[in-house]
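Trainee: Attaching a predicted model along with its sequence, questions to come.
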Amino acid sequence: MVLFLVFLKRMFFILLVISLMSFLRDFHVSSCDENCPDKPVFNPSRLVVKYGDPVSVTCLIRQSYQDYFFGLVDFMGNHTKNGTTILWEVQRMTEWRTLTTCCHINATDYCCCSKLPVTVYKPPDSVSISFRDHSGPLLEGHQYTLQCEVHNVAPVENLTVTFYRGQTALGQLQSNNTEKKPVTEILTLSINTRKEDDGVQYWCEAKLELGSEGPQPPPVVTSEKFSAIVNSTPAHGTTPIISSFSMCFMLLFFSLV
């Protein structure tokens, strides 16, 4: 009889653990209390990782909650417990949208939690610059549109593009695209040409600004440079004179033939 009772207790404990683990897996993170006292602490508090790189993060549960059930919610990879510390490890980060939560749950199913913001990034494959809807020489005093095309970058909302004329920065633009997966982004800048710009080189620079937790210095990819040809605008009245001269020359030529 005693052995039977011990067996029942063990079975109850096993079922309780399994149900709690299932609860954590299916638990809606939005119902967790992030403003609770002595909430779990992630180290680091924010994670920035390059796509395909390994990840290692710890979550510390306060000593006063060590008898409660605690664990991770909405996580990929593996986690191990050592006392009140949880180690979360991913051999290769392959998810673009990741938000891991660490929580402890008391006997009344109250959940106190902390969320770990995760930024997964990928530097651009390449960057190119050109004039939009234009090829060939430019005309002095006219407006043209430069476009910088950044290929396969993530997250694009952290992308900053700077346009250059020679070593002079013409303008800096950021994308308002919130897509987390890699995209190709085109940013444009309008410029007015000057005669002194003849032969000057245009280029653009793409930089991923990922904050203090990201790589330092930030990842930067630049485009190739191209030289612009700027022709002077003909003086007023020059074109009709040249056209009249050409017409007279053609008439004289055909009359001699």
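Mentor: Happy to help now that I have it.
Trainee: mind listing what the residue nearest to the spatial centre of the chain touches?
Mentor: Closest to where the C-alpha atoms of the chain average out (CA atoms, centre = their mean) is residue 155, at 1.7 Å. Residue 155 is in contact with 96, 119-121, 178-180, counting by CB atoms under 8 Å, 6 or more residues apart in numbering. Where C-beta positions appear, they are placed from N, C-alpha and C, glycine not excepted.
Trainee: Give me the phi and psi angles of the nearest residue to residue 142 once chain neighbours are set aside.
Mentor: Once flanking residues are discounted, residue 142 sits nearest to residue 193: 5.8 Å by CB to CB, 6 or more residues apart in numbering. Here is the backbone geometry of residue 193 (degrees, to the nearest 10): phi -80, psi 150.
Trainee: my read: residue 193 touches residue 134, true?
Mentor: No - Residue 193 is not in contact with residue 134 according to CB atoms under 8 Å; the separation is 10.9 Å.
Trainee: shared neighbours of those two, which are they?
Mentor: residue 144.
Trainee: Which residue of the two possesses the greater neighbour count?
Mentor: It is residue 193, of residue 193 and residue 134, that has more neighbours when counted by other CB atoms under 10 Å, with 21 against 12.
Trainee: give the contact list for residue 215.
Mentor: 48, 50.
Trainee: Can you give me the distance of it to residue 195?
Mentor: 42 Å (CB to CB, to the nearest Å).
Trainee: what do you get for residue 170?
Mentor: Taking CB to CB, one finds residue 170 at 17 Å from residue 195.
Trainee: what about those two, which has more around it?
Mentor: residue 170 (15 against 11).
Trainee: which SSE is that one in?
Mentor: Per DSSP states H and E, residue 170 falls inside strand 168-174.
Trainee: Please spell out which residues along that strand are buried.
Mentor: residue 173 (16 or more other CB atoms under 10 Å).
Trainee: Contacts for it, please.
Mentor: Here strand 168-174 makes contact (CB under 8 Å, 6+ apart) with 146, 157, 159-164, 187, 189, 191.
Trainee: Grab the two from these that are most spread out in space.
Mentor: Farthest apart among the contacts of strand 168-174 by CB to CB are 157 and 191. That separation is 25.5 Å.
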